[in-house]
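Colleague: Would you be able to build a 3D model of this:
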Amino acid sequence: MVKPTKAMKAMLAKTPGKDPVPLQQAVEILKKFGGRKFDQTVEIHMNLGIDNSQADQIVRGSVVLPHGIGKTQRVVVFAKGELAKAAEEAGADAVGSDDLAKRIKEGWMDFDVCIASPDMMGIVGPLGKVLGPRGLMPSPRAGTVTTDVSKAVKEYKAGKVEFRNDKGGNVHAVVGKLSFDETKLNENISAFVSFVQSLKPNTVRGTYIKSIAICATMSPSVRVAG
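Modeller: All right, here's what the predicted structure looks like:
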């Protein structure tokens, strides 16, 4: 078992242990950790009371956070004609069809989000084996397969995040940077939790949100009271 470093021990001493605390207090604790030479990413981890084997209990979606995520996402778009022009004007980093698919097949993956117009899915579909494992496959439910590519590009550039529960019923997402002030982190986290709450499947029985925790790139997690 790997022993915690001196820095990690010092941070652990500031946490309330396994006891959940109100969100405002959890953010205050997280902000006090600091101590790194880079601006750490803040993440949220939620454990949901869902049955992952049931298709109607999959929790997946995307949401634009009030204050973005502190990072400009690189967006590529599969489109042609007027939609391709609209995507370029909206700020897409790369736009194409067969040519873009060829680049990706050859190993180019220098992007964070992949958007496609519906008529491009015949070209995008075969890329599933490459894009799927990286969570980059366009999806109507996530809003990345759309006729309004301009709006989608602008939303992701503004800080839209995608998520999908894993096999353990957990949802993970980036909700900002440690340099954000406490108000911005509170509002981003609250917006994300509220959105996940709104996606509660009708077939779920019992507790839906079992636990919530937030952490920075190199910090312990702090449990948040639901």
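Colleague: CA only for contacts and neighbour counts going forward, please
Modeller: Will do.
Colleague: Which segments of the protein make up each domain?
Modeller: 6-68+160-224, 75-157 (automatic domain parsing).
Colleague: Could you check the pLDDT of residue 94?
Modeller: If you check residue 94, the pLDDT there is 98.
Colleague: show me the contacts for the nearest residue to it once chain neighbours are set aside.
Modeller: In this structure, residue 94 finds its nearest non-sequential neighbour in residue 76, 4.7 Å apart by C-alpha to C-alpha, 6 or more residues apart in numbering. By C-alpha atoms under 8 Å, 6 or more residues apart in numbering, the residues touching residue 76 are 92-95, 111, 113-115.
Colleague: Look through this structure and tell me its longest helix.
Modeller: helix 182-198 (DSSP state H).
Colleague: Buried residues, it. List them.
Modeller: 182, 184-193, 196 (16 or more other C-alpha atoms under 10 Å).
Colleague: And for stretch 42-59?
Modeller: For stretch 42-59, a neighbour-count test (16+ other C-alpha under 10 Å) marks 42-52, 57-59 as buried.
Colleague: Redo those as a markdown table? Include distance to residue 66, secondary structure and pLDDT.
Modeller: A markdown table is the format used below for the buried residues of stretch 42-59 (distance: C-alpha to C-alpha, whole Å; DSSP: H, G, I helix; E, B strand; the rest coil; pLDDT from 0 to 100):
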| residue | distance to residue 66 | secondary structure | pLDDT |
| --- | --- | --- | --- |
| 42 | 15 | strand | 96 |
| 43 | 15 | strand | 97 |
| 44 | 15 | strand | 98 |
| 45 | 19 | strand | 98 |
| 46 | 19 | strand | 98 |
| 47 | 23 | strand | 98 |
| 48 | 23 | strand | 98 |
| 49 | 27 | coil | 97 |
| 50 | 27 | coil | 97 |
| 51 | 30 | coil | 95 |
| 52 | 29 | coil | 87 |
| 57 | 27 | helix | 96 |
| 58 | 25 | coil | 93 |
| 59 | 21 | coil | 94 |
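Colleague: If we only consider these, which is nearest to residue 170?
Modeller: Proximity of the buried residues of stretch 42-59 to residue 170 (C-alpha to C-alpha) peaks at residue 47, which lies at 4.4 Å.
Colleague: And the nearest residue to that closest one once chain neighbours are set aside, how far from residue 52?
Modeller: Distance criterion C-alpha to C-alpha, 6+ apart; nearest residue to residue 47, sequence neighbours excluded, is residue 170 at 4.4 Å. Separation of residue 170 from residue 52 (C-alpha to C-alpha, to the nearest Å) stands at 10 Å.
Colleague: Give me the nearest residue to residue 176, chain neighbours excluded.
Modeller: In space, and not counting its chain neighbours, residue 176 is closest to residue 69: 4.0 Å by C-alpha to C-alpha, 6+ apart.
Colleague: quick one, what contacts the one you found?
Modeller: Neighbours of residue 69 in contact, by C-alpha under 8 Å, 6+ apart: 159-160, 174-177.
Colleague: Now intersect those residues with the strands, please.
Modeller: Assignment to strands by DSSP state E places the following of these there: 160, 174-177.
Colleague: what's the farthest-apart pair in those residues?
Modeller: 160 and 177 (14.3 Å).
Colleague: where does residue 104 land in three-state SS?
Modeller: helix (DSSP: H, G, I helix; E, B strand; the rest coil).
Colleague: quick one: it and residue 186, what's the gap?
Modeller: For residue 104 relative to residue 186 (C-alpha to C-alpha), the value is 37 Å.
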